[in-house]
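In: build the 3D model from these lines:
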Amino acid sequence: MGNERWMHAAPQGALSRRCGGRSNFLFQAVLPLPHRCCGAARKKPESGCYFVRRWYRIEMIVSGQEQRLTGRKNKVREDKARTDRGPRARMRKIMLDAAMRLMQDGLIPSVSDVAEAAQVSRATAYRYFATQASLIQAAVDEALGPILAWKSESQDAEERVTQLVTFAYPRMEFYEATLKAALRLALDQWARKHAGTLGDEAPMVRGHRIALLISAVAPLKGKLNRQGFDRLTQALSLIFGTEAFVVLKDIWGLDRKHAQDVALWTCHALIQAALAGESKGKVLPAAARGARRNGARSTSALLKTGSRVKIR
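Out: All right, here's what the predicted structure looks like:
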């Protein structure tokens, strides 16, 4: 009877009214006032007071629930949040951690390998990850999580690219083995596809860098034509990703800091070259053909000392 309370009422008799202009509930005052309610003794009230009971309608929204119940989108979001914190999410995290440990050891684990490492049954593991590709993809997404959520408020393209590279490279190095395992699986799938032995296995989905790089150089959309903008993002993708680590670290033997410096230098050079080509009304292939005709000239000649293009 938590909805019962004493209140001063209007003249004697039964009173019912809507509260606050809303039809969610009714107040009803009843006379005479009983001395007991539901078996519990109550102190007799002062004269002129009425016992008021409030009945909730079925559709009434209890305080604190209104916001959660408004809109299907909010409800779906809450359900997902509960799922992320539930036992299924914990089990999935356990298996992903096991997969990433195996990948850090240089392996490309199968679903069965992960089941054994996580000490769960194979049937349980396959309920979460139907194929090896889906398992590796989930591990990569887990490793790159903060990078995939990267955003920048800067309106300067070079500054945004610098922020992206300096933010992403340390985490990419930490999960370098995981990323290289995913690259190995993608290459293996490519070989089996061309040999006709891949079957109906789902291919690895790669291409996270595309959206990141498009976002990084977004301020240049009004300064470059569509062809120049696409060519710039394609060129930047050559030095942002696992493949760049293979070249700079494995082939050149650079540590992460020096590899990052080379990546940044290349990013700035590409942006400046794209802007210089646009300002001259040329596209890069024409500039490259002119460089070959001149013999000694290269595309780096577009970047003259002191002629850096200001990006606004």
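
In: residue 244 versus the nearest residue to residue 237 once chain neighbours are set aside, what's the distance?
Out: Counting by Cβ to Cβ, 6 or more residues apart in numbering, residue 237 lies nearest to residue 209, which is 5.3 Å off, once chain neighbours are set aside. Yep, even glycine has a C-beta here, placed from its N, CA and C like the rest. Residue 209 is 10 Å from residue 244, where distance means Cβ to Cβ, to the nearest Å.

In: now the strands for the protein?
Out: Applying DSSP state E to the chain gives strands spanning 4-8, 15-19, 22-30, 36-37, 40-41, 49-56.

In: now the second one: mean pLDDT?
Out: The one in question is strand 15-19. Averaged over strand 15-19, pLDDT sits at 43.

In: list the buried residues for stretch 124-136?
Out: 125, 128-129, 132-133, 135-136 (16 or more other Cβ atoms under 10 Å).

In: whoops, stretch 179-199 was the one
Out: Buried-residue list, stretch 179-199, by 16+ other Cβ under 10 Å: 179-186, 189.

In: would you map the helices across the protein?
Out: With DSSP state H as the criterion, the chain has helices at 66-69, 72-85, 87-104, 111-118, 122-128, 132-148, 157-174, 176-195, 208-216, 226-236, 242-245, 256-279, 284-294.

In: got TSV for those helices, with mean pLDDT and distance to residue 202 too?
Out: Compiled in TSV, the helices of the chain are given as follows (pLDDT from 0 to 100; distance: least, Cβ to Cβ, whole Å):
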stretch	mean pLDDT	distance to residue 202
helix 66-69	45	36
helix 72-85	49	23
helix 87-104	92	17
helix 111-118	95	13
helix 122-128	94	14
helix 132-148	92	5
helix 157-174	95	24
helix 176-195	91	9
helix 208-216	95	17
helix 226-236	96	26
helix 242-245	92	20
helix 256-279	94	31
helix 284-294	44	36
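
In: distance to residue 201 added to those helices, as CSV?
Out: CSV is the format used below for the helices of the chain (distance: least, Cβ to Cβ, whole Å):
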stretch, distance to residue 201
helix 66-69, 42
helix 72-85, 27
helix 87-104, 17
helix 111-118, 12
helix 122-128, 14
helix 132-148, 6
helix 157-174, 26
helix 176-195, 7
helix 208-216, 21
helix 226-236, 28
helix 242-245, 21
helix 256-279, 33
helix 284-294, 38
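
In: near the residue nearest to residue 142 when sequence neighbours are not counted, how many other residues are there?
Out: Among residues not flanking residue 142 along the chain, residue 96 sits closest, at 5.2 Å (Cβ to Cβ, 6+ apart). Other residues within reach of residue 96, judged by other Cβ atoms under 10 Å, total 20.

In: excluding covalently adjacent residues, which one is nearest to residue 104?
Out: Using Cβ to Cβ, 6+ apart, the closest residue to residue 104 is residue 177 (4.6 Å).

In: model confidence at residue 302, what's the number?
Out: Residue 302 is given a pLDDT of 40.

In: show me the domain layout of the chain.
Out: 4-66, 84-149, 150-199+208-304 (automatic domain parsing).

In: next one: residue 177 from residue 143, what distance?
Out: Counting by Cβ to Cβ - residue 177 and residue 143 are separated by 10 Å.

In: looking at the two, which is more packed in?
Out: Using other Cβ under 10 Å, the more surrounded residue of residue 177 and residue 143 is residue 143, with 22 against 17.

In: so that one makes contact with residue 179?
Out: Yes: Residue 143 is within contact range of residue 179, at 6.9 Å (criterion: Cβ atoms under 8 Å).

In: residues in contact with residue 239?
Out: 262-263, 266-267 (Cβ atoms under 8 Å, 6 or more residues apart in numbering).

In: just residue 97 next, same as before
Out: residue 118.

In: likewise the one 4 residues further on?
Out: The neighbours of residue 101, taking Cβ under 8 Å, 6+ apart as the test, are residue 117.

In: look up how far residue 177 lies from it.
Out: Counting by Cβ to Cβ, the gap from residue 101 to residue 177 is 10 Å.

In: now swap in residue 209 and tell me
Out: Applying Cβ to Cβ to residue 209 and residue 177 gives a distance of 19 Å.

In: please apply the same query to residue 163.
Out: Residue 163 is 25 Å from residue 177, by Cβ to Cβ.

In: repeat that for residue 251.
Out: 17 Å.
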